[in-house]
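Asks: following is a predicted model, sequence given first.
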Amino acid sequence: MMQNIEFNGKIWFWKGPAPWYFVTVPAKQCRDLKAISGAVTYGWGMIPVNVRIGTSEWKTSLFPKADRYLVPIKASIRKAENLEEGDQVTVRLEVR
């Protein structure tokens, strides 16, 4: 099962015990993801995806949070694409 999703979102910073940067998947696309999550999820509702922002691509998993999904943006990607907290980005997801 393969599904491609594209959306625009803002990078935000979570200051928890393990600080991290995320982009929140919009509600409509979250509904689409929930519809297929049973077939692709592993533990805690995580959904494995290939992500593309700009010219950078990587594999990660979407985090479920409060009826939405979060795309984690690792430091190497932020550096390669010159991204900071608050930047608007176009995110392409390919559900694996």
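Replies: On my side now, so go ahead.
Asks: partner strands of whatever helix or strand Glu94 lives in and their direction?
Replies: Assigned by DSSP states H and E, Glu94 belongs to strand 88-95. Sheet pairing of strand 88-95 (DSSP bridges) gives strand 3-14 (antiparallel), strand 47-53 (antiparallel).
Asks: give me the mean pLDDT for that strand.
Replies: With pLDDT averaged residue by residue, strand 88-95 scores 97.
Asks: need the contact list for the closest residue to Pro19 other than its chain neighbours.
Replies: Spatial nearest neighbour of Pro19, excluding adjacent residues (CB to CB, 6 or more residues apart in numbering): Phe13 at 6.8 Å. Backbone N, C-alpha and C define where each C-beta goes, glycine included. For Phe13, the contact set (CB atoms under 8 Å, 6 or more residues apart in numbering) comprises 19-21, 85.
Asks: now the residues you listed in a markdown table, please, with extra columns for distance to Trp44, neighbour count and secondary structure.
Replies: Conversion of these to a markdown table gives the following (distance: CB to CB, whole Å; neighbours: other CB atoms under 10 Å; DSSP: H, G, I helix; E, B strand; the rest coil):
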| residue | distance to Trp44 | neighbour count | secondary structure |
| --- | --- | --- | --- |
| Pro19 | 20 | 8 | coil |
| Trp20 | 16 | 15 | strand |
| Tyr21 | 20 | 20 | strand |
| Glu85 | 25 | 11 | coil |
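Asks: show residues contacting the lowest-mean-pLDDT helix or strand in the chain.
Replies: The helix or strand of the chain with the poorest confidence is helix 27-40; it has a mean of 89 (mean pLDDT, DSSP states H and E). For helix 27-40, the surrounding residues in contact (CB under 8 Å, 6+ apart) are 1, 3, 5, 7, 25, 45, 47-48, 62, 67-69, 95-96.
Asks: just the buried residues of that helix, please?
Replies: By neighbour count with 16 or more other CB atoms under 10 Å, helix 27-40 contains the buried residues 29-30, 33-34, 37, 40.
Asks: any idea how far the residue nearest to the spatial centre of the chain is from Trp20?
Replies: In the chain, the centroid-proximal residue (CA atoms, centre = their mean) is Val71; its distance is 1.9 Å. According to CB to CB, to the nearest Å, Val71 and Trp20 sit 11 Å apart.
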